[in-house]
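Student: model the structure of this input:
(one chain, ligands or ions: 1)
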Amino acid sequence: MTDSHAHLDACDVPVDVLVERARAAGVTRIVTIGTGIDSCRAALALAESHDDVYAALGVEPHCAARPDAGRLDELRELLSHPKVVAVGETGLDTVRQFATPLEQRRLFDAELALADELGLPVVVHSREAEQETADALASFGGTVVLHCFSSPGLLSAAVERGYYISFAGNATYRKAPELREVAALVPADRILVETDSPFLAPQPVRGRPNEPAFLVHTVGVLATVRGETLEALATQTHDNATAAFGLP
Ligand SMILES: [Zn+2]
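Tutor: Just a heads-up that it's a prediction; the model follows:
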């Protein structure tokens with residue numbers, strides 16, 4: 001399996017241990033995500049020192065009002081590293097407004113331009129900003145990964161435009177039946193899975209710090225709602241990650 005989205009630099013457990021436990025649980029590749037310039041440097045260092053770890057580097061919407069948003073030249077330099085597979089996470093979030101919608105949109109547009117310039121996929125964080133996200137992405141021609149998908153209203157546009165749709169541990173929560181309904185509708189060649197470690201640990205390990213080894217719980221729930229075996233969905237999502245991120 002591939003964990004398409006984790007924040008290894010934000011995990012308390014040493015990354016060597018996390019990678020080892022992941023491998024023992026069948027998770028052989030991890031895309032670790034940078035959220036600000038320092039976090040991107042940390043993510044890249046982890047990708048450099050672990051064969052199975054790749055990096056997506058971006059400045060997240062929560063940082064849109066911070067100095068990081070003005071350091072995209074540094075980001076551009078970091079993105080040239082061979083273990084970088086995407087720009088992001090970037091996007092829009094109207095729930096946790098550490099920056100105004102306009103600041104978030106400016107940063108998102110700038111990172112989309114960077115992804116376009118460098119020919120990289122983009123990893124998108126969208127929370128309660130369905131229409132705004134669809135609008136911002138409308139003119140972007142590259143590969144899009146909608147991470148921690150929690151926007152049922154975005155599904156039809158996402159499927160129509162061929163975006164990859166990634167599900168995290170919150171899709172296993174009892175109070176989120178709508179996410180499982182959506183997960184059942186995503187085309188086989190567009191579904192991805194992630195942990196978003198150390199956040200959003202799935203059932204039955206909810207409440208603990210999340211880690212890539214726990215991915216199997218989410219894959220199991222999604223396989224059930226899609227009427228597939230866990231093994232089939234594990235293989236499918238692994239192959240989809242290869243295609244989405246151009247992994248070896
Ligand atoms: Zn994330």
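
Student: after the helix or strand encompassing residue 46, next one along is what?
Tutor: For residue 46, the host element (DSSP states H and E) is helix 37-49. Scanning forward in sequence from helix 37-49 by DSSP H and E, the next helix or strand is strand 53-57.

Student: tell me which residues of the next helix or strand after that next one come out buried.
Tutor: Downstream of strand 53-57, the next assigned helix or strand under DSSP H and E is helix 72-78. Of all the residues in helix 72-78, those buried under the rule 16 or more other C-beta atoms under 10 Å are 72, 75, 78. Yep, even glycine has a C-beta here, placed from its N, CA and C like the rest.

Student: again, but for stretch 110-117
Tutor: Buried residues in stretch 110-117, defined by neighbour count with 16+ other C-beta under 10 Å: 110-112, 114-115.

Student: so can I have CSV of those showing distance to residue 62 and secondary structure?
Tutor: Formatted as CSV, the buried residues of stretch 110-117 follow (distance: C-beta to C-beta, whole Å; DSSP: H, G, I helix; E, B strand; the rest coil):
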residue, distance to residue 62, secondary structure
110, 16, helix
111, 14, helix
112, 18, helix
114, 18, helix
115, 19, helix
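
Student: CSV for these, including distance to residue 85 and pLDDT?
Tutor: Formatted as CSV, the buried residues of stretch 110-117 follow (distance: C-beta to C-beta, whole Å; pLDDT from 0 to 100):
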residue, distance to residue 85, pLDDT
110, 20, 97
111, 15, 98
112, 16, 98
114, 14, 98
115, 11, 98
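
Student: now those in CSV, with distance to residue 189?
Tutor: Putting these into CSV (distance: C-beta to C-beta, whole Å) gives the following:
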residue, distance to residue 189
110, 30
111, 25
112, 23
114, 26
115, 21
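
Student: got the contact list for residue 125?
Tutor: Residues counted as contacts of residue 125 (C-beta atoms under 8 Å, 6 or more residues apart in numbering) are 60-61, 88-93, 147-148.

Student: name the nearest of those relative to residue 235.
Tutor: Distance to residue 235, by C-beta to C-beta, is smallest for residue 147 among the contacts of residue 125, at 20.7 Å.

Student: just the strands in this structure please.
Tutor: 2-6, 29-33, 53-57, 84-93, 122-127, 144-146, 164-167, 191-193 (DSSP state E).

Student: which one of those strands is the most hemmed in?
Tutor: Most buried of these, by mean neighbour count (mean count of other C-beta atoms under 10 Å): strand 2-6, with a mean of 30.

Student: avg pLDDT for that strand?
Tutor: Strand 2-6 shows a mean pLDDT of 98.

Student: and stretch 179-194, by the same measure?
Tutor: Here the average pLDDT along stretch 179-194 is 98.

Student: using TSV, lay out the contacts of residue 125 together with pLDDT.
Tutor: Output for these, formatted as TSV (pLDDT from 0 to 100):
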residue	pLDDT
60	95
61	94
88	96
89	97
90	97
91	97
92	96
93	95
147	97
148	97
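
Student: and residue 50, how many neighbours?
Tutor: Using other C-beta atoms under 10 Å, residue 50 is surrounded by 17 other residues.

Student: residues contacting it?
Tutor: Residue 50 touches 15-16, 19, counting by C-beta under 8 Å, 6+ apart.

Student: how about residue 133?
Tutor: 91-92, 124, 126, 151, 154.

Student: next one: residue 172
Tutor: Residue 172 neighbours (C-beta under 8 Å, 6+ apart): 202-203, 206, 217-218, 221.

Student: residue 72 now?
Tutor: When contacts are counted by C-beta under 8 Å, 6+ apart, residue 72 touches 59, 110-111, 114.
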